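**Student:** here is my input; please provide its structure:
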Amino acid sequence: MTKLGIVCGLAFEAAIIKRAVKQTLPANAPLIACSGPGPSRARTAASILADQGSEALLSFGISGGLDPGLATGTVIIATGLANGSKQNCDEQWSTRLYKSLKPDFDARYAPLAGAKSVLSTTTEKLALFRSSGAAAIDMESSGIAEAAAEKGLPFVALRVICDTADVTIPPIAISAMGNNGRIRILATAFQSSANPSQIPDLVRLARRTAEARQVLESLASFGLIGMFRAFG
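**Tutor:** Have a look, this model is predicted:
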């Protein structure tokens, strides 16, 4: 069976997949890396996994919605990256993955957009949706795709929409993300007390994140075998 390398941008995403691996795939377990946010960190992490023996690379985690018709919890299996260098995903692997997940999840086979920073406003999201046609956006998949192309490995992105196209991300939430992929809880609490006007948006985002996290956990628990079978 192919040795899979999985790259996540955030620590909680990596923790979800690691727990599922222990329960579902104790043999031939995938290599897992938490890169921290951003394409350059993700590219480095993916390259390291490739050097460690990964034969295929998967981007796994949450994403921001660009298509106004898609809800929190929608699963995106990427056809490729719609902006920038327009990298494609491995067509056979991604289509098989889509078919394996579609019966149990609200899954869409659609392009992703890559970003170097968080798109925080609804205006920015709508503009990128209109220009790229991408269903969702994240900050790691483009970097992982670049590493996969450099190493000659197949690549697929599996993402769950967290903040939808109509959700504003407050500055507090953006600054809360550490470079190691962990949320700086104390700093967030301090900034919230100093910026109470951002609290309603922060609460809404927390609720969406909890919903997306539940879907990620289901994907990891029930879809992990499918990720491997889809490739093999």
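
**Student:** C-alpha only now, for contacts and for neighbours.
**Tutor:** OK.

**Student:** can you read off the pLDDT for Ala149?
**Tutor:** As predicted, Ala149 sits at a pLDDT of 93.

**Student:** actually Ser120, not the one I typed
**Tutor:** 81.

**Student:** what is the longest strand anywhere in the chain packed up against?
**Tutor:** Ranked by residue count under DSSP state E, the longest strand found in the chain is strand 56-65. With contacts taken as 3 or more Cα pairs under 8 Å, 6 or more residues apart in numbering; DSSP states H and E, strand 56-65 sits against strand 4-8, helix 11-24, helix 39-51, strand 136-138, helix 141-151, strand 155-161, helix 199-231.

**Student:** so for Ile172, which of these sits nearest?
**Tutor:** Across those, Ile172 has its closest neighbour in helix 199-231 (7.6 Å, Cα to Cα).

**Student:** what's the angle between that closest one and strand 155-161?
**Tutor:** Orientation check (axes from the mean of the first three to the mean of the last three Cα atoms, to 10 degrees): helix 199-231 against strand 155-161 gives 150 degrees.

**Student:** mind checking how far helix 199-231 is from the chain centre?
**Tutor:** In terms of Cα atoms, centre = their mean, to the nearest Å, the gap separating the centre of helix 199-231 from the centre of its chain is 9 Å.

**Student:** what do you get for stretch 121-138?
**Tutor:** Centroid displacement of stretch 121-138 relative to its chain, using Cα atoms, centre = their mean, is 16 Å.

**Student:** got the buried residues for it?
**Tutor:** Across stretch 121-138, burial judged by 16 or more other Cα atoms under 10 Å covers Thr122, Lys125, Leu126, Leu128, Phe129, Ser132, Gly133, Ala134, Ala135, Ala136, Ile137, Asp138.

**Student:** nearest to Glu217, of those residues?
**Tutor:** Checking these one by one against Glu217 (Cα to Cα), the nearest turns out to be Asp138, at 18.4 Å.

**Student:** contacting residues around the residue lying closest to that closest one once chain neighbours are set aside?
**Tutor:** The spatially closest residue to Asp138, leaving aside those adjacent along the chain, is Ser63, at 5.0 Å (Cα to Cα, 6 or more residues apart in numbering). Going by Cα atoms under 8 Å, 6 or more residues apart in numbering, Ser63 touches Ala136, Ile137, Asp138, Arg159, Val160, Ile161, Cys162, Asp163.

**Student:** low-confidence ranges in this protein?
**Tutor:** 1-2, 25-27, 84-86, 174-176, 178, 184-195, 223-232 (pLDDT under 70).

**Student:** returning to that earlier point: alpha carbons of the longest strand of the chain, as PDB, please.
**Tutor:** Extracted in PDB, the C-alpha atoms of strand 56-65 (Å, rounded to 0.1, in the frame of the first residue of the first chain):
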ATOM      1  CA  ALA A  56       1.600  10.700  -2.300                       C
ATOM      2  CA  LEU A  57       0.700  14.000  -0.600                       C
ATOM      3  CA  LEU A  58      -2.600  15.000   0.900                       C
ATOM      4  CA  SER A  59      -3.700  18.500   2.200                       C
ATOM      5  CA  PHE A  60      -6.100  18.000   5.000                       C
ATOM      6  CA  GLY A  61      -8.000  20.700   7.100                       C
ATOM      7  CA  ILE A  62     -10.400  23.500   7.200                       C
ATOM      8  CA  SER A  63     -10.900  26.200   4.500                       C
ATOM      9  CA  GLY A  64     -12.800  29.400   3.900                       C
ATOM     10  CA  GLY A  65     -15.800  29.400   1.700                       C
END
